[in-house]
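*Asks:* Requesting a structural model of the entry that follows:
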Amino acid sequence: MATVLSTVGRSVVAAGSVVAEEAKGYFAKIKSMFWRHKFRMLLIGETGSGKTSFLNLLCNSNLIEELGARVDGGKLSQIQQYHDLKIENSSSHQMESKTSDAKHYKAEICDLKITVIDTPGFGDSRGLEKDKENVQKIIDALKKEDYINCVCLVVNGRQARMSASLKYVLSEISTILPKEVFDNIIVVFTNTADPLDCNFDLHELESLFDKKVHHHFYIENPYCRIEKAKQKATQLSNDQIARSLEKSFSDTAASLQLMRDTIKDFKDVHTFHFIELFEKKQEIEKDVIKILASYDEQTDLEKQIKIQEEEVDAALRTESLYTDFKTTRKVEVIKPVKTPEKRHNTLCGAPGCYSNCHIPCNLAKSYDQAIFKTCSCMDETGTCKKCGHSYRHHYHNEVIFEKFSEEREFIDEEMKSRFRQAKDMRGMANVLRQGLQEKRKGLLRIKNSLLQELSDKITEFQQLGISQQNYAKVLEKQCDVVKLRIEGAIGDERAKLNAFKTEIEKKIEVVITALKQQP
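*Replies:* So this is what the prediction gives:
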């Protein structure tokens with residue numbers, strides 16, 4: 001009897017241990033699933049790279065895995081379309097509103113649950129301004145997240161070389177990726193299942209990021225072939241289609257499994273790193289505009305000094321240097337004047353433009369440039385009807401620009417004293433020229449101060465980002481794309497693109513000059 005009870009007791013204990021172990025495993029699985037569900041992937045790529053088809057593949061990855069393991073025509077009909085490539089590439093304003101924001105999708109690769117943040121495609125056919133808006137939308141989406149685990153860059157593997165457009169796209173992408181996320185970047189080459197068949201040269205990518213990208217995958221996306229097969233649905237059964245695509249499903253499932261094994265342990269990268277880098281880039285762009293405006297003013301002063309020098313030479317030649325030389329000159333200057341009503345106005349901040357575009361402005365005062373699209377002084381393209389500049393150059397302030405006539409003295413009292421002491425006409429001319437040179441040095445000090453400030457910010461920007469590329473190179477790639485679009489443009493569009501190119505070239509000149517300040 002004791003033996004029986006002992007046996008029963010051991011069985012109960014053993015059964016309890018099994019239940020406890022099963023419960024422990026169950027809760028561990030639940031905890032694991034909970035944490036995996038928080039995995040966030042930022043999906044980025046050039047328009048036309050296959051990014052949208054890859055998104056649809058991710059969202060159907062479990063079905064793709066099952067179809068790769070066993071032919072099942074019934075499973076084929078369960079594959080869904082989560083995002084339409086035709087809609088994304090549409091240029092109509094009606095469709096644009098549906099696709100321009102970053103969107104969230106749920107995907108699961110094997111047991112890894114992922115929230116995919118799909119971003120608008122770069123290299124938009126609607127122009128560089130649209131790309132700038134898309135960058136802002138990406139940052140707005142990241143502001144709603146605490147962290148990102150993975151950045152997935154989609155590149156067309158059949159593209160044989162880096163076109164000007166792709167160089168521009170990758171350069172723009174690199175300017176919003178902080179250095180903290182570099183180890184969490186994966187590159188997916190679409191339209192190729194084998195690295196030996198990939199036309200894209202990885203060294204091109206490494207030269208852009210200044211370091212080797214370790215994680216890259218090659219996928220001949222079967223989702224595209226499924227869409228093609230559906231068009232032949234009347235000729236082929238689902239089982240025939242599934243059997244035809246079985247190897248493609250199997251290869252893709254293996255690639256996705258490898259991707260999952262690679263990214264599953266990626267650590268959280270806080271999104272404030274992205275935001276900090278973006279804000280530093282905005283500061284640089286504002287400083288460049290400020291320096292361009294300062295250059296215009298200083299160029300005008302240089303012209304006045306040049307006139308003054310010519311008058312000195314003329315006076316010397318006519319032996320009337322002392323009596324005819326004027327120490328002051330009236331010049332027209334534009335100054336901001338506060339409006340008595342303390343209402344804010346819409347003003348233009350483009351270099352050399354001091355236009356009062358809308359007085360007063362009925363829009364709520366804002367520092368967001370996008371709001372100026374809706375100002376009554378803008379046309380449907382976002383171009384100001386008053387001054388002809390883009391909405392992005394405009395801002396609100398409680399002042400208006402007014403012209404004033406001022407007398408500016410180019411020779412101070414100390415110079416006059418030296419002038420009187422000069423023994424001959426040539427000595428007097430030299431004294432005056434030295435004074436003018438001092439004025440030039442003063443202007444140069446102002447320029448150097450502004451350029452040093454810009455140089456410091458560019459250095460900070462390069463230290464924050466994944467790429468150490470010269471900031472001027474970013475602008476040069478923008479300029480290359482604009483030049484390509486000028487070739488195919490006509491009429492007003494060509495004139496606008498030429499003006500935009502000139503603006504970028506001025507910015508490049510400023511940035512290159514600023515970079516020379518770096519040690």
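*Asks:* Doesn't P351 belong to a helix?
*Replies:* No - counting by DSSP: H, G, I helix; E, B strand; the rest coil, P351 falls outside a helix, being coil.
*Asks:* Now do the biggest helix by length in the chain: distance to the chain's middle.
*Replies:* For the chain, the longest helix by residue count, based on DSSP state H, is helix 272-317. Taking the mean of its C-alpha atoms, helix 272-317 sits 26 Å from the chain's own mean (Cα atoms, centre = their mean, to the nearest Å).
*Asks:* next one: stretch 133-151
*Replies:* 12 Å.
*Asks:* ok, now how distant is N397 from G388?
*Replies:* Per Cβ to Cβ, to the nearest Å, N397 is found 20 Å from G388. Just so you know, the C-beta spots here come from the backbone N, C-alpha and C atoms, and that holds for glycine as well.
*Asks:* The two - which one has more neighbours?
*Replies:* Using other Cβ atoms under 10 Å, the more surrounded residue of N397 and G388 is N397, with 16 against 13.
*Asks:* Show me the contact partners of the helix or strand harbouring I400.
*Replies:* Assessed by DSSP states H and E, I400 sits inside strand 399-409. Contacting residues not belonging to strand 399-409 are listed as 304, 327-339, 345, 347, 354-356, 359 [Cβ atoms under 8 Å, 6 or more residues apart in numbering].
*Asks:* Show me how to select, in PyMOL, the buried members of these.
*Replies:* To isolate the buried members of the contacts of strand 399-409 in PyMOL, using 16 or more other Cβ atoms under 10 Å:
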select buried, resi 327+339+345+347+354+355+356
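*Asks:* The contacts of strand 399-409 in strands, which ones?
*Replies:* Using DSSP state E, the subset of these located in strands is 328-338, 345, 347, 356.
*Asks:* Please identify which pair of these lies farthest apart.
*Replies:* T328 and N345 (33.0 Å; Cβ to Cβ).
*Asks:* can you give me the strands in the stretch 1-150 of the chain?
*Replies:* 39-45, 103-109, 112-118, 147-148, 150-156 (DSSP state E, counting those that start in this stretch).
*Asks:* Can you name the residues that contact the residue nearest to T383 when sequence neighbours are not counted?
*Replies:* With Cβ to Cβ, 6 or more residues apart in numbering as the criterion, T383 has its nearest non-adjacent residue at 6.2 Å, and that residue is S390. By Cβ under 8 Å, 6+ apart, the contact set of S390 is 129, 350, 382-384.
*Asks:* Now do the longest helix of the chain: which elements does it pack against?
*Replies:* With contacts taken as 3 or more Cβ pairs under 8 Å, 6 or more residues apart in numbering; DSSP states H and E, helix 272-317 sits against helix 128-143, helix 321-324, strand 328-338, helix 425-464, helix 491-515.
*Asks:* export these to CSV and tack on distance to S207 and mean pLDDT?
*Replies:* CSV is the format used below for those (distance: least, Cβ to Cβ, whole Å; pLDDT from 0 to 100):
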stretch, distance to S207, mean pLDDT
helix 128-143, 22, 85
helix 321-324, 60, 50
strand 328-338, 45, 83
helix 425-464, 16, 77
helix 491-515, 19, 84
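*Asks:* now the residue nearest to T383: how far from H203?
*Replies:* Distance of S390 to H203, computed by Cβ to Cβ: 37 Å.
*Asks:* likewise V431?
*Replies:* With Cβ to Cβ as the criterion, V431 and H203 are 61 Å apart.
*Asks:* Compare neighbour counts for those two and give me the winner.
*Replies:* Using other Cβ under 10 Å, the more surrounded residue of V431 and H203 is V431, with 19 against 10.
*Asks:* which residue ranges form the strands in the stretch 151-300 of the chain?
*Replies:* Using DSSP E, counting those that start in this stretch, strands in the stretch 151-300 of the chain cover 185-190, 215-219, 269-270.
*Asks:* any idea which of these is most buried?
*Replies:* For the strands of the stretch 151-300 of the chain, the largest average neighbour count (mean count of other Cβ atoms under 10 Å) is found in strand 185-190, namely a mean of 23.
*Asks:* just how off-centre is that one within its chain?
*Replies:* With Cα atoms, centre = their mean, you get 19 Å for strand 185-190.
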